[in-house]
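Trainee: have a look; sequence and predicted model below, questions after that.
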Amino acid sequence: MKYITTIDGKEFLIEIIDERHISVNGKTYDVDFEAVSGQPVYSLIVDGRSHEAYVQEGDDAWQVLLRGRLYPITVQDEREKRLRAAAGGGVAETGEFHLKAPMPGLVVSIPVEEGQQVTKGQVLIILESMKMQNELKSPRDGVINRIKVKAGESVEQKQPLLSVQ
């Protein structure tokens, strides 16, 4: 089965060849992907290079935190993409987006204010977890609607942090 994965507005064609191999846009990779202790933390080894990622299923996209950067990722199989295209549907960037904590941590800073205009990729919150500071960025342009946490506050995984309208 082939999957169309969208990351930062770019589409990638991913095919799972077998348990140890995937193809991304026609290039084959040797992979090992394992959950760590039943947590949303995964060990990913790609062609011998090790990565650690936090993976959380969101309301409308997967949230993947890799090397301190949060990526909203959508995944569709080929059939689903064809059906949506035929129906004229797509993911609209309207409505309210709720930024949730991808892992438990400490809010280090919030460099935005309620009512502030933000752009896609702008840092909304800096969250410290496991001694790493992670920049949580806006997935789209919008206005900060409501900030639900304060700097210095501890947060739990999936806890709503703020919303962008």
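Mentor: That came through fine. Numbers count the residues shown, from 1 in each chain.

Trainee: all contacts plus neighbour counts: C-alpha atoms, from now on.
Mentor: Will do.

Trainee: output the lowest mean pLDDT helix or strand found in this structure.
Mentor: Confidence across the helices and strands of the chain bottoms out at helix 78-87, with a mean of 56, counting by mean pLDDT, DSSP states H and E.

Trainee: tell me the domain ranges of the chain?
Mentor: Following the assignment in automatic domain parsing, the chain carries domains at 2-87, 97-164.

Trainee: one step back: now the element after the least confident helix or strand of the chain, going C-ward?
Mentor: Where DSSP states H and E defines the elements, the next helix or strand beyond helix 78-87 is strand 97-100.

Trainee: using PDB, write out every CA atom in that next one.
Mentor: What follows is strand 97-100 as a C-alpha-only set of coordinates in PDB (Å, rounded to 0.1, in the frame of the first residue of the first chain):
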ATOM      1  CA  PHE A  97      -6.500  25.100  15.800                       C
ATOM      2  CA  HIS A  98      -5.700  23.900  19.400                       C
ATOM      3  CA  LEU A  99      -2.000  23.400  20.100                       C
ATOM      4  CA  LYS A 100      -1.700  20.600  22.600                       C
END
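
Trainee: tell me the helices and strands packed up against it.
Mentor: On a contact count with 3 or more C-alpha pairs under 8 Å, 6 or more residues apart in numbering; DSSP states H and E, strand 97-100 meets strand 160-164.

Trainee: avg pLDDT for the strand it packs on?
Mentor: Here strand 160-164 scores 92 as its mean pLDDT.

Trainee: what lines up beside it in the sheet?
Mentor: If you go by DSSP bridges, strand 160-164 pairs up with strand 97-100 (antiparallel), strand 142-147 (antiparallel).

Trainee: N134: neighbouring residues, count only.
Mentor: When neighbours are defined as other C-alpha atoms under 10 Å, N134 has 21 of them.
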